[in-house]
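S.K.: Here you go, sequence then predicted model.
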Amino acid sequence: MPSLIPGYNYDIFISYRQKDNKHDGWVTEFVDNLKGELESTFKEEISVYFDINPHDGLLETHDVDESLKEKLKCLIFIPIISRTYCDPKSFAWEHEFRAFVEQASKDQYGLKVKLPNGNVASRVLPVQIYDLDKNDTELFESVIGGVLRGIEFIYKSAGVNRPLRAKEDHPQDNIKNTYYLDQINKVANAVKEIITAIKSSSQNEKDTGPILQVEHTHVKKNQKTRNIIIGFIILILIILGIQIIPGLIKPTTEQVKSIAILPFFNDSPDEENEYFINGIMDEVMNNLQAINDLSVVSRTSVEQYRGSDKPPIPEIARKLNVNYIVEGSGQKYGTVFRLRVQLIDGNRDMHLWADSYERDIRETKDIFVIQTTIAEAIAAELKAVITPEEKQKIGKTQETNLEAYDAYLKGLFFYERGGVAGEDNNNAIKAFRESIDLDSTFALPWTYLAMCYWRNAVSTISPEFREAKRAAEKALELDPTSGIALVNVAEILDNEYDFAAADEKIKLALQLDPGNQYVLRNAGRFYTKLGKPNESIEYCKKALQSNPNNRTVLNYLIQALFYAGHLDEAMATSLKYKEMGYLELDSYYKILLEQGNFNRIIKESSFEMTEDYHDVLMAAAYFGMGHKNQAEEIVTKLIKKNISSYWIAFAYAYGNNPEKVNEWLEKSFDKREKQVLTYLAVEPAFKKYRDLPAVKKILQGIKYP
């Protein structure tokens, strides 16, 4: 059956190495499933050339005949990219893949076609069944003249790198997060987009054909006179153009320099090198965030796009609300490090800049030179204005030895992955301590060590809190200009009830590092405690601009709105992000309590929070509804579990029981419970109790301003 487009013999040509189909028939099964999907995608019949006859003259063991050129005259070429496909000695590579690229590049549509949405796609549509070595990837890209963007059918887990099967035994264990039928559907949809673009281009050629085919029969008579007249007219137009046209031309609107750096891909054979690749990505991001003329999305927001099976670039750009995307991949072999980075126009899916870096890493400055060079190259491509102060900050290197920096990167990897106290947090502490043992003057591991101990601390008199304080103060001593170090010390101070000193540190951090979202969000949290709603909301919203999907920032903003009394806006913001899948917004349920929606809390079947916090809310709701026995039963269970005394007082606050509220707040103060009593002056649940002598005494005891 011929192609949909006249002059072509097939719509699709499928190319593969015979050994990839020999044992389990993977390619045959793929073709059968694809044909079925194409039948439900197209109204017309799609012709597919797939060579499965072992005696066909197109196999690797036979000579090439003239029929191959005719079969290769197709609209779309699908190579099954495997470990063995990228081999210049193979038949499929030389006489099918390379031959198609050369042939298509010269035909009427070219190798690349413009899709209906404005993006450009290659008529080579790779189906990738293995993660490739870097050399094979580069070899493939050298032929197509662009980046390998295949539709992946890869099953990847610890020690496993194989083709994805149609019927997987344990699909949930695939770290690629790909499902076979979804990938088949993606191939069919990609085929439809390309064929639609070709058909549209073909129709345009028909519409314009007659005009292009008109024969010109110029008469040479009076040619000299005509030339003089034409020249005179052109001269007049040039003069008029110089005087008039500049005033009519308006400069095009420049795109906002908003950028997201997607997680870099670890191409190293050793999966443990992921921490090193992550560290490079983090530092490139930090450097770009230091440039005020750029708006850079935080790592938390882009982490969801880790791995190769992610949405198309325009979709990612739309979801993150950015105009530019940075992608990268790196390899580390011993001391040799290679990195490939590319900048993409997210709206048009068009590559703006790409470069490769290779360096034998002998000292830390070798790493920082690469990171600085990448950041400056991206900024230059986007024509970002860099102040002398920002340039100095970007070029700043950490004066430490390579081993200490490597241990720091390992710690950072576990810290970012951990999120809360646990095994990852303990591994991070171990790595940061190793880094400090190797170089005690290196500030960064001290900074993050303080954060790790802070996660583990339950009170300000615990050993973990003392370790957090010591590490935070040491980090600030080593780097007094670090906004993060200043904020960490401020958090220690406000939990020790030294609000005035904490306020000084926060203000200095905002002055030194005004665009840092960590500084901004913690400033918002601090001013929420102090009952300064305008400042808290302002800083939280600024943090949200560069970090729109960060759960911590969202919680801080909703808390700021809630404690400011803007319940409707707080609820609307909570629901907005709950619809996006962020269900861990604790303040959502506190809003329901403050609104008196107790029954709604009781009836909600699923709470995305800890069991203890869920029970606190249930007890408060039962107290609010007058169901004292049920509430007391839950409180008794919570007391046996030795949860925070502050939250026991919080539950009793809805039961109109001032004696119990006083009792448990005093216990919270005596225990020096971390992070909670500093909210006592603004927590709506305690509003009617704040004039009680015992509560006033606690507020005086924490030196609340």
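M.R.: All right, it came through fine.
S.K.: how near is T196 to N189?
M.R.: Distance of T196 to N189, given as Cβ to Cβ, to the nearest Å: 11 Å. All C-beta atoms are positioned from the backbone trio N, CA, C, and that covers glycine.
S.K.: Surely N599 touches M625?
M.R.: Yes. N599 lies in contact with M625 (Cβ atoms under 8 Å); the separation is 6.8 Å.
S.K.: Among these two, which residue is more densely surrounded?
M.R.: More neighbours surround M625 than the other of N599 and M625, with 16 against 12 (other Cβ atoms under 10 Å).
S.K.: Tell me the pLDDT of the nearest residue to the more buried one once chain neighbours are set aside.
M.R.: Of all residues not flanking M625 in the chain, F598 sits nearest, at 4.7 Å (Cβ to Cβ, 6 or more residues apart in numbering). F598 is assigned 90 on the pLDDT scale.
S.K.: cool, and W446?
M.R.: pLDDT at W446 comes out at 96.
S.K.: Go ahead and confirm it touches S482.
M.R.: No. Look at W446 against S482 with Cβ under 8 Å: they stay out of range, at 10.0 Å.
S.K.: Spell out which residues are contacts of both of those two.
M.R.: A475 (Cβ atoms under 8 Å, 6 or more residues apart in numbering).
S.K.: Who has more neighbours out of those two?
M.R.: Legend: neighbour count by other Cβ under 10 Å for W446 and S482, higher for W446 (26 against 21).
S.K.: And that one, how close does it get to K332?
M.R.: 26 Å.
S.K.: E37 too?
M.R.: Distance from E37 to K332, by Cβ to Cβ: 39 Å.
S.K.: For these two, indicate the residue with more neighbours.
M.R.: Relative neighbour count places K332 above the other of E37 and K332, with 21 against 18, counting by other Cβ under 10 Å.
S.K.: list the helices and strands the helix or strand where the more buried one lies packs on?
M.R.: In the assignment (DSSP states H and E), K332 maps to strand 324-333. Judged by 3 or more Cβ pairs under 8 Å, 6 or more residues apart in numbering; DSSP states H and E, strand 324-333 is in contact with strand 258-261, strand 265-266, helix 274-289, helix 313-320, strand 336-345.
S.K.: Of these, flag the one that's most buried.
M.R.: Of the helices and strands packed on strand 324-333, the one with the most neighbours on average (mean count of other Cβ atoms under 10 Å) is strand 258-261, at a mean of 24.
S.K.: Note down every partner strand of that strand and its orientation.
M.R.: strand 295-296 (parallel), strand 324-333 (parallel) (DSSP bridges).
S.K.: Just the residues contacting the first one, thanks.
M.R.: Outside of strand 295-296, the residues that reach it under the criterion Cβ under 8 Å, 6+ apart are V256, K257, S258, I259, A260, I261, M285, L288, Q289, V322, Q545, S546.
S.K.: from the residues you listed, which is closest to L575?
M.R.: The closest of the contacts of strand 295-296 to L575 turns out to be Q545 (Cβ to Cβ; 20.5 Å).
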